[in-house]
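1. need a 3D model of the sequence below.
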Amino acid sequence: MGQHDIAWLAKHFSPENPLRIEIITMSDRADAGDYEDEGGPAIRNALDAFFENTGIGYTLSLRILPDEEYQLEQALSRTRYDDTHAVFITGGTGIGPRDITPEVVLKLADKTIPGIMEIIRVKYGLENPLAALSHTVAAVLGSTLVFALPGSPKGVAEYMREILKTFDHLLCVLHGIDEH
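-> Numbering: from 1, shown residues only. Reported below is the predicted structural model:
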């Protein structure tokens with residue numbers, strides 16, 4: 001975390017005017033109640049730890065959607081107009097027939113941020129070759145950052161650990177605060 005970026009975010013995002021973050025779990029089984037979502041809560045826990053003692057006001061909303069392209073498309077399209085600053089999606093990033101998350105994100109994206117996900121796949125792929133099979137993406141939709149992460153809590157933890165190293169700076173750059 002850059003202290004300058006954290007200070008800027010704390011100045012602009014207070015409890016009265018919070019940074020708005022949405023967490024979406026893509027899972028037919030979790031949506032049907034067949035099992036309890038673990039990916040969404042893992043993202044929430046990582047974000048809570050990240051924001052602790054920063055002075056940044058933030059809100060988190062969690063939702064579970066089935067692996068349906070139309071529903072994810074609607075949820076992401078809405079973020080362009082409702083002041084959502086970041087969306088973290090867990091699940092649907094494999095190569096199975098119902099794994100549609102990256103395709104939907106890329107279809108709607110104004111810009112992609114490939115380097116973040118590439119470095120994560122390389123870093124964790126050295127330990128676990130299956131990590132290289134992940135079809136994760138990072139993108140910008142309007143003024144919203146979108147990260148599509150694996151569905152497993154372990155995968156979420158690995159990705160969040162790396163994403164949060166630059167998350168504050170990404171928010172500042174996206175909102176025009178870049179002093180480079």
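
2. contacts and neighbour counts: CA atoms only from here.
-> Fine.

3. what ranges do the helices span in the chain?
-> 3-12, 28-32, 39-51, 69-79, 101-108, 114-125, 153-163, 167-174 (DSSP state H).

4. can you tell me which of the ones you listed the model trusts least?
-> Ranked by mean pLDDT, those end with helix 3-12 at the bottom, a mean of 86.

5. put the alpha carbons of that helix into CSV.
-> Extracted C-alpha coordinates of helix 3-12, given in CSV (Å, rounded to 0.1, in the frame of the first residue of the first chain):
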residue,chain,number,x,y,z
GLN,A,3,0.8,5.9,1.9
HIS,A,4,0.1,8.7,-0.6
ASP,A,5,-2.6,6.6,-2.3
ILE,A,6,-4.1,5.5,1.1
ALA,A,7,-4.2,9.1,2.3
TRP,A,8,-5.9,10.3,-0.9
LEU,A,9,-8.5,7.5,-0.6
ALA,A,10,-9.2,8.3,3.0
LYS,A,11,-9.7,11.9,2.2
HIS,A,12,-12.2,11.1,-0.6
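
6. what angle do helix 39-51 and that helix make with each other?
-> Orientation check (axes from the mean of the first three to the mean of the last three C-alpha atoms, to 10 degrees): helix 3-12 against helix 39-51 gives 100 degrees.

7. relative to helix 167-174, how tilted is helix 3-12?
-> 70 degrees.

8. what's near enough to touch the residue nearest the centre of the chain?
-> Residue closest to the average C-alpha location in the chain (C-alpha atoms, centre = their mean): Phe88, at 2.3 Å. Counting by C-alpha atoms under 8 Å, 6 or more residues apart in numbering, Phe88 touches 21-24, 43, 146-149.
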